[in-house]
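**Student:** Build me a structure from this.
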Amino acid sequence: MTHILAKELGARRITVNAVAPGPVETALFTDGKSAAQIEAIEKMIPLGRLGQPDDIAGLVSFLAGPDSGWVNGQIIRANGGVI
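**Tutor:** All right, here's what the predicted structure looks like:
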């Protein structure tokens, strides 16, 4: 959908992108998980930690700002390097 909308709206100079966040340390993510489960997830992330809301907010801010004018039709994975 991101790619299709980017193509359709590009002529109007509207960019369309998506953010695909990895594990982010929020109540929605951590509730119901044990400390051991969270630690195991952190070990799978090359940066060695869960994301923070500000990690995602910075990316969204960039995409909403003027510096991302040439970024269009992308799905950007913000996940600390998880493949």
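**Student:** Show me what the lengthiest helix in the chain is in contact with.
**Tutor:** Scanning the chain for the longest helix, with DSSP state H as the assignment, gives helix 53-64. Helix 53-64 is contacted from outside by Thr15, Asn17, Val19, Pro21, Val24, Glu25, Thr26, Ser68, Val71, Ile76, Ala78, using C-beta atoms under 8 Å, 6 or more residues apart in numbering. Just so you know, the C-beta spots here come from the backbone N, C-alpha and C atoms, and that holds for glycine as well.
**Student:** Tell me which residues of that helix come out buried.
**Tutor:** Asp55, Ile56, Leu59, Leu63 (16 or more other C-beta atoms under 10 Å).
**Student:** Distance to Ala40 added to the residues you listed, as JSON lines?
**Tutor:** Shown next, in JSON lines, are the buried residues of helix 53-64 (distance: C-beta to C-beta, whole Å):
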{"residue": "Asp55", "distance to Ala40": "20"}
{"residue": "Ile56", "distance to Ala40": "22"}
{"residue": "Leu59", "distance to Ala40": "25"}
{"residue": "Leu63", "distance to Ala40": "31"}
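**Student:** Pick the one among the residues you listed closest to Leu5.
**Tutor:** Leu63 (13.9 Å; C-beta to C-beta).
**Student:** all strands in the chain, in order from the N-terminus.
**Tutor:** With DSSP state E as the criterion, the chain has strands at 18-21, 75-78.
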